[in-house]
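> here's a sequence, model it:
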Amino acid sequence: MSKYIDNLDYIIKRSFEETIEYFNKNGIKVEDDLELKILESIRSLIQKYGKDNVNKKDVGIYDSETKKIYIIKKPIRKFLDRVLINMNEIPINTIFTISNHKVLWPVYKDDDDIKNIIKKTAVEPVVIHEIGHVALRSIGSNDEWKASFVEYLVYFYKNELYKYPEVYKIMEKNIKRCEKFIREKNPSPYSLGYCFANDIIYAYENILNKDKQSPKLNIKSMIEKLKYFSEDDGIKITEMFNALLKDYVNIKNRLNIKANMLIYLLEKLLI
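Have a look, this model is predicted:
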């Protein structure tokens, strides 16, 4: 990543280009004439579309008629301010986390400046989410929770996070967090989508995948399957997955404790 990435507009444009390239590389249809528009605030969109059609808290909007994606900088800056203010509380290891809609997002730190990494992590999911709407519309399916699922899924695989063992410990924490979210009467579509993606990725890559250097899950196939699910289906499947994975993690941790105790005793006996 270039040391000159200190401009939010540049990061948004770069994320837009990289995400389209990633979708295309994985055989996921994205419109060729999709256009990016970067705005300082949501005000001009409220004036254009009316306050009943625009949520003033939106960070991104996809207009299917004009084929434009709008990314709003003001809420991104607010999110960045919250994260950067609390930077001293974040243990900056090779893998650290940022919380988004109460779900933990793993972040890989290379040799780049930590502030630029956090900026990129704040921008990239927003861009993926809106392009996710484009991909979902191309298969005749579109919901906020599905776009959120695509957002977390693509972010995870685009950054090759499946390679790092530490990431699965973070995902196990999400399994516990998500149990609460999916039991709520009207779960946040963002949290629901993130939790659905978190649990499916964990099952595919940490349980089923023996070779962590290449992914087991097929992104295109998984996104296409979304058209068969309603939001109620998403809640039920996530709840079922979450319960099974919670039991799996508990059993695994208990076995690890017992295995470590056994190793300790054997070492003592053999000294």
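
> what are the buried residues along stretch 144-154?
Trp145, Lys146, Ala147, Ser148, Phe149, Val150, Glu151, Tyr152, Leu153, Val154 (16 or more other C-beta atoms under 10 Å). Backbone N, C-alpha and C define where each C-beta goes, glycine included.

> pull the residues that contact that stretch.
With C-beta atoms under 8 Å, 6 or more residues apart in numbering as the test, stretch 144-154 has contacts from 19, 22-23, 103, 105, 125, 128-130, 132-133, 135-136, 189-194, 196-198, 200-201, 219, 222-223, 226, 229, 231, 234.

> likewise for stretch 239-259?
By C-beta under 8 Å, 6+ apart, the list of residues contacting stretch 239-259 from outside reads 172, 175-176, 178-179, 182-183, 195-196, 199-200, 202-203, 207.

> wait, which of these is closest to Lys37?
The closest of the contacts of stretch 239-259 to Lys37 turns out to be Phe196 (C-beta to C-beta; 29.4 Å).

> so that closest one sits against Thr238, correct?
Yes. Applying C-beta atoms under 8 Å, one finds Phe196 in contact with Thr238, separated by 4.5 Å.

> residue ranges with poor pLDDT in the stretch 51-200 of the chain?
Low-confidence segments of the stretch 51-200 of the chain (pLDDT under 70): 87-92, 111-112.

> now the strands for it?
Ranges of strands in the stretch 51-200 of the chain, per DSSP state E, counting those that start in this stretch, are 60-63, 68-72, 95-100, 103-108.

> and those as TSV, adding mean neighbour count and distance to Ile11?
Formatted as TSV, the strands of the stretch 51-200 of the chain follow (neighbours: other C-beta atoms under 10 Å; distance: least, C-beta to C-beta, whole Å):
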stretch	mean neighbour count	distance to Ile11
strand 60-63	20	14
strand 68-72	22	10
strand 95-100	18	15
strand 103-108	21	14
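
> I figured Lys173 hits Leu104, correct?
Yes. Applying C-beta under 8 Å, one finds Lys173 in contact with Leu104, separated by 5.9 Å.

> show me the contact partners of stretch 182-194.
Contacts for stretch 182-194 (C-beta under 8 Å, 6+ apart): 100-103, 143-152, 174, 178, 181, 195, 231, 234-235, 238-239, 242.

> again, 6 Å this time
The contact list for stretch 182-194 (C-beta atoms under 6 Å, 6 or more residues apart in numbering) reads His101, Val103, Glu144, Trp145, Ser148, Phe149, Tyr152, Phe181, Thr238, Glu239.

> sort out for me which of the buried residues of stretch 144-154 are in helices.
Trp145, Lys146, Ala147, Ser148, Phe149, Val150, Glu151, Tyr152, Leu153, Val154 (DSSP state H).

> quick one: which two of those are the most distant?
Taking C-beta to C-beta, no two of these sit farther apart than Trp145 and Val154, at 15.0 Å.

> before we move on, back to that, just the buried residues of the contacts of stretch 144-154.
19, 22-23, 103, 105, 125, 128-130, 132-133, 135-136, 189-194, 196-198, 200-201, 219, 222-223, 226, 229, 234.

> could I get the full set of helices for the stretch 1-150 of the chain?
Under the criterion DSSP state H, counting those that start in this stretch, helices of the stretch 1-150 of the chain are mapped to 8-25, 43-49, 73-85, 114-138, 144-158.

> now these in a markdown table, with distance to Thr66?
Formatted as a markdown table, the helices of the stretch 1-150 of the chain follow (distance: least, C-beta to C-beta, whole Å):
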| stretch | distance to Thr66 |
| --- | --- |
| helix 8-25 | 16 |
| helix 43-49 | 10 |
| helix 73-85 | 20 |
| helix 114-138 | 12 |
| helix 144-158 | 18 |
